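In: got a sequence here, can you model it:
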Amino acid sequence: MITDPPVLLLDEPFTGLDAASQESVRALLVNAAESGKTLLVTDHDAARSVKIADRVDYLYHGRIVHSFKGDNLEPGAMTEEISAIEQGLLAATGERS
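Out: Coordinates of the predicted model:
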């Protein structure tokens, strides 16, 4: 990046990319994080997110309802917990899945 910003805000950076391009972007993000940059990335793929993140926040209607950090950054455990969170939120709001 030309200006070398300390913070990167990326909204769905993998959308529309083929597998090779997604891997190139992932490698760039990992390199940026390892060089001390702060990354804020939105993504719908939890399994991919945990490969580049040290924290994953789960949003519901624009609000953080759960944060995954450290040992909780495991896709299987996240999927189960997210499912339970979603069921609780749907029950509380009367929405249907």
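
In: now the strands for the protein?
Out: Along the chain, the segments classed as strands by DSSP state E run 7-11, 38-42, 55-60, 63-69.

In: which stretch among those strands comes nearest Leu89?
Out: strand 55-60 (5.6 Å; Cβ to Cβ). Heads up, the C-betas are built off the backbone N, CA and C, glycines and all.

In: identify the residues contacting the closest one?
Out: 46, 49-50, 64-69, 73, 78, 82, 85-86, 89 (Cβ atoms under 8 Å, 6 or more residues apart in numbering).

In: among the residues you listed, who's most crowded?
Out: Tallying neighbours with other Cβ atoms under 10 Å puts Phe68 at the head of these, with 22 neighbours.

In: before we move on, what's the pLDDT of that one?
Out: You'll see Phe68 listed with a pLDDT of 83.

In: contacts only, for the closest residue in space to Leu17 that isn't next to it in sequence.
Out: Spatial nearest neighbour of Leu17, excluding adjacent residues (Cβ to Cβ, 6 or more residues apart in numbering): Val25 at 6.6 Å. Contact analysis of Val25 by Cβ under 8 Å, 6+ apart lists 13-14, 17.
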